[in-house]
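**Q** below is the structure, and that's it, no one-letter string:
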């Protein structure tokens, strides 16, 4: 098993934040706050001047705020697709990406 150093977690989380942001961007203006927050998370994690542990902590706080909206928030986001089977697969993959990002940010 690979060691989950703060630096390796930060590197992987940066890529995941970018992937998740791109998917959320496809959801349209309704999810603009989530999209911009995910870009902020990506940028915090990618900052070469920041220490990995502090970047992860700050990114984790921002990530948790994604779920604070009372409605139309990140927790309600889903991938829309005309092909039902593809939509189910896309949403499963999206959930896996989000769960991995959460795990990296919170070291769980």
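**A** Everything's here; your move. In this text, all values refer to a predicted model and were calculated from it rather than measured experimentally. Numbers count the residues shown, from 1 in each chain.
**Q** any idea which helix or strand carries the closest residue to residue 17 other than its chain neighbours?
**A** Excluding the flanking residues, the one nearest residue 17 by CB to CB, 6 or more residues apart in numbering is residue 42, at 4.0 Å. Bear in mind the C-beta positions are built from the backbone N, C-alpha and C, glycine included. Element membership for residue 42 (DSSP states H and E) is helix 32-46.
**Q** likewise for residue 69?
**A** With DSSP H and E as criterion, residue 69 is part of no helix or strand.
**Q** can you tell me which residues contact it?
**A** For residue 69, the contacting residues are 33, 75, by CB atoms under 8 Å, 6 or more residues apart in numbering.
**Q** mind naming the longest helix for the chain?
**A** Ranked by residue count, the top helix of the chain under DSSP state H comes out as helix 84-106.
**Q** pLDDT score assigned to the nearest residue to residue 102 once chain neighbours are set aside?
**A** Leaving aside its chain neighbours, residue 102 sits nearest to residue 63 (6.7 Å; criterion: CB to CB, 6+ apart). Confidence at residue 63, expressed as pLDDT, is 96.
**Q** can you get me a residue count around the residue nearest to residue 17?
**A** 20 (other CB atoms under 10 Å).
**Q** related to what we said a few turns ago, hmm, who's touching the helix holding residue 42?
**A** 10, 13-14, 17-18, 20-21, 24-25, 27, 50, 55-56, 58-59, 62-63, 65-66, 69, 73-74, 77.
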